[in-house]
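Chemist: Got a predicted structure plus its sequence, pasted below:
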Amino acid sequence: MTKKLKIVVLAKQVPDTRNVGKNAMKEDGTVNRAALPAIFNPEDMNALEQALRLKDSHPGSVVLLLTMGPARAAEIIREGYYRGADGGVLLTDRKFAGADTLATSYALAMALKKMQPDIIIAGRQAIDGDTAQVGPQVAEKLSLPQVTYAEDIVGFEKNRLVVKRRLERGVESVRTPLPVVITVHATAPECRPRNAKQLMRFKHARTLTEEQDNEHNSYLPLVSPESLRIPEWSVADVGGEESHYGLSGSPTKVKKIENIVFQAKESKRLTSSFEEIDMLMSELISSHTIG
Amino acid sequence: MDNIIIYIETEGGKISDVSLELLTKGRTLAGELSCKLEALIIGSSVEQHTQELFSYGAETVYIAQDKRLEHYLTLPYSAITIDLFKKERPQIALFGATSIGRDLAPRVSSALVSGLTADCTSLEIGDHKEVKSGKEYRNLLYQIRPAFGGNIIATIINPDCRPQMATVREGVMKKEPLKTPVKGVVKVIETKDIIKPEDFVVEIIERHIEERKIDIKGSPIIIAGGFGVGSKENFNLLYELASVLGAEVGASRAAVDAGFAEGARQIGQTGITVRPKLYIAAGISGQIQHTAGMDQSAMIISINSDPNAPIHQIADYAIIGDMNEIIPRMIKSYKLNSK
């Protein structure tokens, strides 16, 4: 008999910083956040696919999403449902605000202690910060082994998971016991598309907060059935030391933010002389376009 | 106490460039802070490297040697690093932003409850005054890095937690040995007191070199070549520039059809659509078939000897000339300016 696995996918809602087109910049060169849609972090999508594949090969397994963010991040849980997950939890509390990676990891670890998964899978990094720190830090907080840069979960035998990792100059296969934290690299297979049946079934999945906000919104059912309720957990639900959450639990502070000013659109013509090319390259470096 | 420790990575029996770059930067920081520069190296036989570490300014080299540590493993490597940092209490600890450094450093920072900043592009020493409390901090490490997909530059500090930890990518800092090596000391770490059998629960089954798949869509910088590049050999120049800038190489349909590049690299209407931060188009005329797949790039640089090539119309910077001269100049200039 194959083992039934409980898998939790860590997913983050992020501004789509990859598709920074010209309209994503205001005239003063600052980021026009409104023009950047909130999306499911791409590598977390690769992570979800790995979880769903394990579920396919181990019938009876459960895939849940865990996300931390404001009320609108419930969209992450719905997106998970549409693609075949069995549910999820939104960690949301003003006390989480201002968290750096360490305070974020603490909050996720506290929620994971409550969820008790066999396998935790996350994207390697989120595109709004690119730090790749949360996965390993969650593993440390839970005293679990970690396998980062995973490209493929190759198999599960005798309570050991075999994972192929993508490194700078090659690949490495490792065998790990459970529970374990795995972070998935962008070279892993893309996530399967939304399933139409799942979409119809779960598009009305709501958190309590969303239901209350939608009270006067006539085209939505006033109260979703209990099975479509997305749970919201606060600090009170997961416990732990309050001082470890949010800003107070964050050793790193942002001292200064500098916006990158983009050039106005007008072709500058250059010759192939070293002096002109050198000037262009220095400009690109100082504007952090390269380097 | 209060020194700077650089984590030294090795690869194929050699010290990684990024570690030597961090030592070079560490010398400057240690000079400003009047503290010692130290190195930690872990592996199965790594003592051979001490002389080279001295020649890059490491005054103390901590060596953890054990035949079970031939390849990097998260748990034993982090146990050794955490143990050393607890005993030595460095004020700053730097790691390469490699697949190893980015696996190890967050684990260590979590265990020590100290802050970590990933992929810094610049490190400086400076002061800080807390606005609310008025508390003043001297000689903090300013950890400067792009964020938000490269659209902002943030300066991060860790006022109260030690060590102040950061990772830096290879090639960002300059690598320079000393003319005369320092007379450093070697301190051997007794690994058997630190690592436990359960630190080896994750086993490496096999490792091999494998070419990375082409990922043009995900690349923030793309160097694309067209028919005007002239040959498959000439495309090597584009690969060279791409490797220096951390970019991917793309191609127009004409270049793919001519066999200069693989089909997976094709950008345009019948290829992939991309929107990178920077698009450099070399030897591409700028037919609509191609520009449809890239005209939303945040910045476009065109290189073409034909001043009337349509690609120049949509470029932010149009360089008129021969790419065989221009690209080597770009590489040379980047290497001169990026340090």
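Modeler: Good, I have the coordinates. Residues are numbered from 1 along each chain as shown, chains lettered A, B, ... in the order given.

Chemist: any bit of stretch B:214-221 sitting next to chain A?
Modeler: Yes: looking at stretch B:214-221 against chain A by CB under 8 Å from any CB of the partner chain, the contacts come from B:215, B:218, B:220, B:221. Every residue, glycine included, has its C-beta placed from N, CA and C.

Chemist: just checking, which of those residues belong to helices?
Modeler: Secondary structure assignment by DSSP state H places none of the residues of stretch B:214-221 next to chain A in helices.

Chemist: Just the buried subset of these, please.
Modeler: B:220, B:221 (16 or more other CB atoms under 10 Å in any protein chain shown).

Chemist: Return the closest of the residues of stretch B:214-221 next to chain A with respect to chain A.
Modeler: residue B:218 (5.6 Å; CB to the nearest CB).

Chemist: and the residue nearest to that closest one when sequence neighbours are not counted, what is it in contact with?
Modeler: Spatially, and ignoring its direct neighbours in sequence, residue B:218 is nearest to residue A:186 (5.6 Å; CB to CB, 6 or more residues apart in numbering or on different chains). For residue A:186, the contact set (CB atoms under 8 Å, 6 or more residues apart in numbering or on different chains) comprises A:42, A:43, A:46, A:124, B:215, B:218.

Chemist: Let me see the contact set for the third one.
Modeler: To tie it back to what came earlier, the one meant is residue A:46. Counting by CB under 8 Å, 6+ apart, residue A:46 makes contact with A:123, A:184, A:185, A:186, A:188, A:189, A:190, A:191.

Chemist: now do the same end-to-end measure for stretch B:140-159.
Modeler: The separation between the terminal residues of stretch B:140-159, taken as CA to CA, to the nearest Å, is 7 Å.

Chemist: before we move on, the earlier item: ok, and the most crowded of the contacts of residue A:46?
Modeler: Among these, residue A:184 has the most neighbours (other CB atoms under 10 Å in any protein chain shown), with 31 neighbours.

Chemist: per-residue pLDDT, that one?
Modeler: Looking at residue A:184, its pLDDT reads 97.

Chemist: To what extent is the closest residue in space to it that isn't next to it in sequence buried, counted in neighbours?
Modeler: What sits nearest to residue A:184 in space, not counting adjacent residues and going by CB to CB, 6+ apart, is residue A:47, at 4.2 Å. Neighbour count of residue A:47, defined by other CB under 10 Å: 29.

Chemist: quick one: buried residues of stretch B:260-278?
Modeler: Those would be B:260-261, B:265-268, B:271-272, B:274-278, for stretch B:260-278 by 16+ other CB under 10 Å.

Chemist: now swap in stretch B:220-232 and tell me
Modeler: Buried residues in stretch B:220-232, counted by 16+ other CB under 10 Å: B:220, B:221, B:222, B:223, B:224, B:225, B:226, B:227, B:228, B:229, B:230.

Chemist: ok, the last one touching residue B:282?
Modeler: Right, residue B:230. No: judged on CB atoms under 8 Å, residue B:230 makes no contact with residue B:282 at a distance of 10.4 Å.

Chemist: which intervals of the stretch 51-200 of chain B have sub-threshold pLDDT?
Modeler: For the stretch 51-200 of chain B, the stretches flagged by pLDDT under 70 are B:149-151.

Chemist: which intervals of the stretch 151-291 of chain A have sub-threshold pLDDT?
Modeler: Looking at the stretch 151-291 of chain A by pLDDT under 70, you get A:214-226, A:260-266.

Chemist: closest point of it to chain B, which residue?
Modeler: The nearest approach of the stretch 151-291 of chain A to chain B comes at residue A:272, 2.8 Å away (CB to the nearest CB).

Chemist: OK, contacts around that residue?
Modeler: By CB under 8 Å, 6+ apart, residue A:272 lies in contact with B:319, B:320, B:321, B:322, B:325, B:326, B:329.
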